[in-house]
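Novice: Below: sequence and its predicted model.
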Amino acid sequence: MSESPDRFSQALKEILSGGFTRTVLSIILGFLVGALFMIGSDKAFIESLGYFFSRPGDALGAAFAVVTEGYGSLFRGSIFNGEAETFEKAIRPLTETLRLAAPLILAGLGIGLTFRVGMFNIGGTGQIISGMIWATFVATRLELPFIIHTVVAVIAGVLGAALLGALTGFLKARTGAHEVILTIMFNYIMFNFFNFLLKDPLLLGEEASTGNAKADPAAASAVLPKILGDNYNLHWGFILALAAVFAFWWLMERSTIGFRLRMVGENPDAARSAGVSVERVYILAMGLSAAFVGLAAANQSLASPLGLFPSAHANIGFDAITVALLGGSNAPGILLAGLLFGAFKAGAPSMQVFGVSPEVLGIVQGAIVLFIAAPPLIRMLFRLPPPQTTSVLSDIRQKLMRRGGAK
Amino acid sequence: MSQIQLAKEERIGFKSPITMASIGVFVIIFFGVLGREGETVFEISRRADLIQLPSISIGSSSLGWVSGILLLLIAGYSLSSSLKNRKTPLWVSVLYGAIGVIALLGWLAAGNQVPLTFIIGTSLVLAVPIVLGAMGGLMCERVGVTNIAIEAQLLAGAFMAAVVSSITDNFFLGLISAMIGGALVSLVLAVFAIKYLAQQIIVGVVLNVLVIGITSFLFQQWLTQDAENVNFPGTLDIIKIPFLSDIPVIGPVIFENRITVFVALIFVPTLYFILFRTKLGLRARAVGEHPLAADTVGINVGRTRFWWVTMGGMSAGLGGAALTIGNAGAFGREMAGGFGFIALAVVILGRWHPISAALAALLFGFSIILRVWANQVSPGIPTDFIIMVPYVVTVIAVVAFVGQSRPPKALAIPYTKG
């Protein structure tokens, strides 16, 4: 019994040095950085600086006002709008967050998968476009019955993206070319190719072409159905994302394939010695990664009421990298990170209304992930203990589990 | 395993001649046999030029034939070098590229004029941000630090140049602060990569997000509100070097430019000289190839990397200044528009060599102006494919010439003493 306070402090140390504490601190710091930018660019604050020493309260008040209003309007635009007349309208922002989070979660899973294998997929944009080409083709050019049409279009999107991903993996495995360069180049190639396809009515362009690069909206039979009725835009893309999160968890943590992927990620040489074909894993990993991105592509293609424009990739490929990093490349983390950045997207317009440029959210997003990327920095800033090699926490967790199981 | 790789690298292989020959055949078939009707007029002199040279007029399809055959001849020369296990020399590749470009221009402009001076000159101006960005990337990568954040450095430089020039009315200060802006972004990369041993590719990607966020925010919140005072820098004066600028074609293209272009033109050979002919460069390359060995002979790996990465940021920052006060004037949202990623490709296409990288950057600059110009002379042609060409070339280069384009050995690997 005498060792128990010791064990307690050790457990606390483990919590403090762990990834969870670091993530929370990074998010707080990110919001702080964003707040500094908001304050620094606020007119009332700058004016009150002129007489800061005579009346410092004004400056502090202005700073406080701009930050609370800025983040307050973000909250009202993304989670719950207390100023709305009806409850239905008040929770509408939350459904928007879920809707906008879906593609981020889906693509984030894809990018996270490559991180687990020790690779970098910077090509989310190219893969999402490749997926959108296929999905849009099925959704606007084929005639199929309800549900089946949607399913076929989603599969087409996944295949379209996965093939491009697998090609990247194949080129890396065969020639040793670095996937970062390949994926960046494919981003541009696919973007321009998509542009070309959208201009031609015989290919993907509008049938009643106006000369603009734009596709027809998906056929009514292929659209992802809405979940909460016509008052909300939230559609089945979010359910798809939840299913994908579960599939990702099972794939990475429970399946043999996932074990192999992680093995290559931990130590490719050891994996090779153990008889794993590392080259094949590269192809598989890039293909699987892009398949998840392809789900995001299907989400974009099948839920756009106006039809796709060349910019329909909506920078999801790059945002997904930040999602995967913040989420620690694991399924629940990516879900939460995707929701956070989805909320940013949903809340941006309402910040605009208030007069704070929503671009500040890009700063918050970048700052959060920058802090995540350098664990030693956060540890130094907050004087957190170094990474612990003990396993007190997991022992406790196991003991609790066992006790529960014995009942 | 490593011996097999070594053997692979020592054998030159036949990829260059094969690629060259297939492009030659492509040119003969599509520009010659299936070529377009009409004469193409190459305008060598501008109307304002002192020395007027006559324009050259040639049938579009016959030009296709001639250049295709020339390309095949060069492919033959490349084959003979490969048979002797020698690399195809750089000047041969440059000649090849130039002939290919003329063939493409001749095909596009059938029945039209080709303003040669304008096209080459604009290519150079557009290539300058890419060149300087690529030099920045190259300086980082030569010491073993991957720099994906070139885009961020360009943006920071472009922003600082526009804003500081507007506020102070002094372009010199604008250029200096552009370099400082680029260096600051690089500094974060350097500190994270060298001190905190963070994943360099991740830090680079994140820096891009962050700097795009910061510049867009300040642009929206500040520059658009008060554009006259803080985002109205104008552009640098065009400097005409006497006598030299009167040489046909070369004069207006090279000797009649803004200071940013001159700096780029001087910096590229200087960097080549420093990297390959001085002790400083030898040390830098040693750190990038084999940090442990460099450390053993007393080179401070961390400090070397730190300084080269920071200086690289200054180069890229200057490239950003070339975007604003060196070309467009005012700063625009996300105005680097992927130039940083192109610069990254250029470093690889140029095989981590300043001069070849600059030439590769010129190819990208050319592709940008070509799209604009091709739209005017022959509107039917899908210009999307023209834009794609440099990217496809990069993919082919990375995939096919892997033995020949080898990154510094210690690239992206943090070095810890011990």
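Specialist: Arrived safely. What you see is a predicted model, and the numbers here were worked out from it, not measured in a lab.

Novice: is chain B contacted by stretch A:339-353?
Specialist: No. If you take C-beta under 8 Å from any C-beta of the partner chain as the test, stretch A:339-353 misses chain B, and the best it gets is 9.2 Å. Bear in mind the C-beta positions are built from the backbone N, C-alpha and C, glycine included.

Novice: send the alpha carbons of stretch A:201-209 over as PDB?
Specialist: Presented in PDB, the C-alpha positions along stretch A:201-209 are these (Å, rounded to 0.1, in the frame of the first residue of the first chain):
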ATOM      1  CA  PRO A 201     -20.400  18.700 -72.800                       C
ATOM      2  CA  LEU A 202     -19.500  15.300 -74.400                       C
ATOM      3  CA  LEU A 203     -17.400  14.400 -71.400                       C
ATOM      4  CA  LEU A 204     -18.400  15.700 -68.000                       C
ATOM      5  CA  GLY A 205     -19.500  19.200 -68.800                       C
ATOM      6  CA  GLU A 206     -23.100  20.400 -68.500                       C
ATOM      7  CA  GLU A 207     -25.300  19.100 -71.300                       C
ATOM      8  CA  ALA A 208     -26.700  22.500 -71.800                       C
ATOM      9  CA  SER A 209     -23.300  23.900 -71.900                       C
END
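
Novice: And the contacts of it?
Specialist: A:133, A:136-137, A:140, A:194, A:196-199, A:212-216, A:307 (C-beta atoms under 8 Å, 6 or more residues apart in numbering or on different chains).

Novice: buried subset of those residues?
Specialist: A:133, A:136-137, A:140, A:194, A:196-199, A:213-216, A:307 (16 or more other C-beta atoms under 10 Å in any protein chain shown).

Novice: give me the number of residues near residue A:120?
Specialist: 21 (other C-beta atoms under 10 Å in any protein chain shown).

Novice: What is the nearest of the contacts of stretch A:201-209 to chain B?
Specialist: residue A:196 (3.9 Å; C-beta to the nearest C-beta).

Novice: Not counting its neighbours along the chain, what's nearest the closest one?
Specialist: residue B:384 (3.9 Å; C-beta to C-beta, 6 or more residues apart in numbering or on different chains).

Novice: check contacts around that neighbour.
Specialist: A:192-193, A:195-196, A:199.

Novice: Report the mean per-residue pLDDT for stretch A:267-282.
Specialist: Average pLDDT, stretch A:267-282: 91.

Novice: Show me chain A divided up by domain.
Specialist: A:17-78+A:359-400, A:91-358 (automatic domain parsing).

Novice: Please see if the shortest one touches chain B.
Specialist: Okay, so that is domain A:17-78+A:359-400. Yes. Domain A:17-78+A:359-400 reaches chain B (C-beta under 8 Å from any C-beta) through A:37, A:41, A:359-367, A:369-370, A:373-377.

Novice: which of those count as buried?
Specialist: A:37, A:41, A:359-367, A:369-370, A:373-375, A:377.

Novice: can I get the contacts of residue B:384 in CSV with secondary structure?
Specialist: CSV is the format used below for these (DSSP: H, G, I helix; E, B strand; the rest coil):
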residue, secondary structure
A:192, helix
A:193, helix
A:195, helix
A:196, helix
A:199, helix
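
Novice: just the residues you listed now: which is nearest residue B:52?
Specialist: residue A:192 (38.7 Å; C-beta to C-beta).

Novice: on that earlier part again, any buried residues in the strand or helix carrying the residue nearest to residue A:196, and which?
Specialist: Assigned by DSSP states H and E, residue B:384 belongs to helix B:383-400. Neighbour counts over helix B:383-400 (16+ other C-beta under 10 Å) mark B:383-384, B:386-391, B:393-395, B:397-400 as buried.

Novice: Check stretch A:384-395 too.
Specialist: A:384, A:388, A:392-393.

Novice: residue boundaries of the helices in the stretch 201-350 of chain B?
Specialist: B:227-230, B:250-254, B:259-277, B:279-289, B:291-296, B:301-323, B:339-349 (DSSP state H, counting those that start in this stretch).

Novice: For residue B:41, find the nearest of the ones you listed.
Specialist: So among those, helix B:250-254 is nearest, using C-beta to C-beta, at 18.3 Å.

Novice: now what about that closest one, what contacts it?
Specialist: B:46, B:49, B:117, B:120-121, B:124, B:244-245, B:265.

Novice: From the residues you listed, pick the one nearest chain A.
Specialist: residue B:124 (21.6 Å).

Novice: Please work out the angle formed by the directions of the helix or strand encompassing the closest one and helix B:259-277.
Specialist: Element membership of residue B:124 [criterion: DSSP H and E] is helix B:116-142. Put simply, helix B:116-142 runs at 40 degrees to helix B:259-277, going by axes from the mean of the first three to the mean of the last three C-alpha atoms, to 10 degrees.

Novice: Which positions in helix B:116-142 come out as buried?
Specialist: Per 16+ other C-beta under 10 Å, helix B:116-142 contains these buried residues: B:116-117, B:119-142.

Novice: And the helices in the stretch 51-200 of chain B?
Specialist: Per DSSP H, counting those that start in this stretch, the stretch 51-200 of chain B carries helices over the ranges B:60-83, B:90-108, B:116-142, B:150-168, B:171-190, B:200-218.
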